[in-house]
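Following is a predicted model, sequence given first.
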Amino acid sequence: MKELLGKLTTSLAETFQSELASKELKSFDNKEIDVFQTFLCLAKTQREFRRLLEASALDKEILDLEFNKELVDKALKNGLLRRGYTINNQKLFIATAGLARYYQLMDYNLSLVFMNYDETRFSQEQPKLKSQEKIWCTFLILFGAHSQDEIFDTTKLNDKKLKQYFEFFKLIEAEMYKHELNLGKKIGWGSGKDIDFRKFITNNVDLPITGIYVNKPNSMYWLDLGKRKYVKFLLDLILDSYSPAERILANNLFLEALRNLSNQILTVLHEVPKELNAFIIDELKN
């Protein structure tokens, strides 16, 4: 059985090496490809994943001759191997159970494989916000959307107001640059998702997974800033370019920028500005 599973594992390794980018490949300490770990950690659609596996499949008739039909059929029956789909149904590739069995037979460290899989799937790496996400968060802070009771409701906004708010995003970026605050890459206004209000606020990657950002399907948004630690977490994300020593100045500049922008809500948008969240002010002052 070990030889049969080894042959199909090798075929899968060769497919991975020819089809995948180097950053997608996982390796043992000796630099050889760790097929099982690569298999588990691949970020592919179901269709693309299936295509890769079927590309590694070998003809059943050839395997029957090389290893004997009874052994191959037993591996199939026990779920160690899988058949290809449609025109590839006479070809076999190794299944997850087959890789696990092969690693056991080879005395490979399966615990390490699963630990690394968990590390990939449940990474503890700190989220990193894009410039657009930081500006959107700053906008929500300024407009008092800091709890479920203080939702920023876009369903009531007409086209004119949406255009005004989109222009206000640009004012936020300009104010940050004026205070020499680094929020990341400068935004290319007027292209891609940075072209209007509703597209801009969907231009995010990590913000939805922070736990403090709420985006309801009915186009209502808010930040959960009901606890001091949530506020600290958000500010650390916005001002992540600064070291602890630099943060004292950055905090002061950010608070000053928020106050200037709050005044511009009155002078530019002709709206009564909301009071800044008390935890935000306290955290930036300390």
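It's in.

okay, CA-based contacts and neighbour counts for the rest of this
OK.

Please verify my assumption that residue 277 contacts residue 147.
No: applying Cα atoms under 8 Å as the test, residue 277 and residue 147 come out as separate, 10.1 Å apart.

overlap in contacts of these two?
Counting by Cα atoms under 8 Å, 6 or more residues apart in numbering, the residues touching both residue 277 and residue 147 are residue 225.

Could you chop this protein up by domain?
With domains defined by automatic domain parsing, the chain comprises 2-121, 131-285.

Those domains: lowest mean pLDDT?
In terms of mean pLDDT, the lowest-scoring of these is domain 2-121 (a mean of 90).

residue boundaries of the strands in the stretch 1-150 of the chain?
58-59, 81-83, 91-94 (DSSP state E, counting those that start in this stretch).

how about the ones you listed in a markdown table, adding distance to residue 136 and mean neighbour count?
Formatted as a markdown table, the strands of the stretch 1-150 of the chain follow (distance: least, Cα to Cα, whole Å; neighbours: other Cα atoms under 10 Å):
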| stretch | distance to residue 136 | mean neighbour count |
| --- | --- | --- |
| strand 58-59 | 52 | 18 |
| strand 81-83 | 48 | 22 |
| strand 91-94 | 47 | 26 |
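
now those strands as a markdown table including distance to residue 74?
Compiled in a markdown table, the strands of the stretch 1-150 of the chain are given as follows (distance: least, Cα to Cα, whole Å):
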| stretch | distance to residue 74 |
| --- | --- |
| strand 58-59 | 16 |
| strand 81-83 | 9 |
| strand 91-94 | 13 |
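
Burial check on the closest residue to residue 189 other than its chain neighbours, number of neighbours?
Leaving aside its sequence neighbours, residue 189 sits nearest to residue 195 (Cα to Cα, 6 or more residues apart in numbering; 6.1 Å). Neighbours of residue 195 under the rule other Cα atoms under 10 Å: 13.

Wait, a helix at residue 195?
No: if the criterion is DSSP: H, G, I helix; E, B strand; the rest coil, then residue 195 is coil and not within a helix.

What distance do you get for it to residue 136?
According to Cα to Cα, to the nearest Å, residue 195 stands 14 Å off from residue 136.
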